[in-house]
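Undergrad: build me a structure from this.
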Amino acid sequence: MSRHTRGQSIVEMAFVLPMLLVLLFGIMEFGYYIYAYSTVSQAARNAAEAAAQLPPHQSWLDYEEAPPGDARYPGFMGDSCVRTIIRSATSDGTLFRGTINEGRNLADFVEIRYPNGSNTRNLRDRGPIEVTVRYPVSGITPLFQLLQIGDEEGITLEVTQRRSIENLGVDPTTPRGVACAENVEDFCDLYPDQCAGGRDDVQMGDQGRPQVAGAAPEPGSTGSLRLSASASAPSRLSSSIAAIRL
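TA: The predicted model follows:
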């Protein structure tokens, strides 16, 4: 009787165990994909907020599909506005910084567009501007692969966020006070040091703003601009004294 009972238990376990594993793996997979979707949604939201302040020119966005042959072209992310938007989208360290992203160009998963046309990039129409994040997420168990759900890279999550344009990319550190370049010529006009030295000259400031080599320092900091202003003060004072004496 005991042998019969043990054999019956093994048979019952053989029937129940696969269903239990599917249920367990399903809970794990759906929980992970819910987390991944919320992360991608937050990434699109962060990028849209940055795009509302730094809307790139449509002519520069076209470079992603048709890059120019100009040797001075710093790459699609060479533009300060595009670079800030991409970095805002990929700021999550868990999903976008893991080993699975090695060899991936995260800019390929972010699309920036003007749904009502690029002529709405002004403070009268105020866009809007859209940012779409399409990101393939691989599961943490082989369940979806066994069930043939998704493709080799997993399931692609897509989230679109839309914002009204609030600013046209003001950057007082550039010669014209704007951050977004319209084309390569405009980029070299805004950032001559980067245009000559390549994209390695671009650094991010303390508050995430792009800093240009040789640009004016931030308020409250010491730099060549403040030193030169202090040095010119005695010359103005001596000129005033000479005028009084005359």
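Undergrad: what's in contact with stretch 37-46?
TA: For stretch 37-46, the surrounding residues in contact (CB atoms under 8 Å, 6 or more residues apart in numbering) are 88-92, 94-96, 131-133, 135, 137, 157-161. In this view, the C-beta of every residue, glycine as well, is placed from N, C-alpha and C.
Undergrad: I meant to write stretch 149-167 there.
TA: Counting by CB under 8 Å, 6+ apart, 33, 36-37, 40-41, 43-45, 47-49, 51-55, 115, 120-123, 125-139, 144 sit against stretch 149-167.
Undergrad: does the residue nearest to the spatial centre of the chain lie in a helix or a strand, and which?
TA: When CA atoms, centre = their mean is applied to the chain, the residue found nearest the centroid is Ile86 (1.4 Å). Secondary structure assigned from DSSP states H and E places Ile86 in helix 80-89.
Undergrad: show me what secondary structure element comes after that helix.
TA: According to DSSP H and E, the helix or strand after helix 80-89 is strand 110-113.
Undergrad: show me which positions of that following strand end up buried.
TA: By neighbour count, with 16 or more other CB atoms under 10 Å as the criterion, the buried positions of strand 110-113 are 110-113.
Undergrad: ok, stretch 145-164 next?
TA: Applying 16+ other CB under 10 Å to stretch 145-164 flags 154-155, 157, 159, 161-163 as buried.
Undergrad: can you check stretch 97-108 too?
TA: Buried residues in stretch 97-108, defined by neighbour count with 16+ other CB under 10 Å: 106-107.
Undergrad: off-centre distance for it?
TA: Distance of stretch 97-108 from its chain centroid, counting by CA atoms, centre = their mean, to the nearest Å, is 13 Å.
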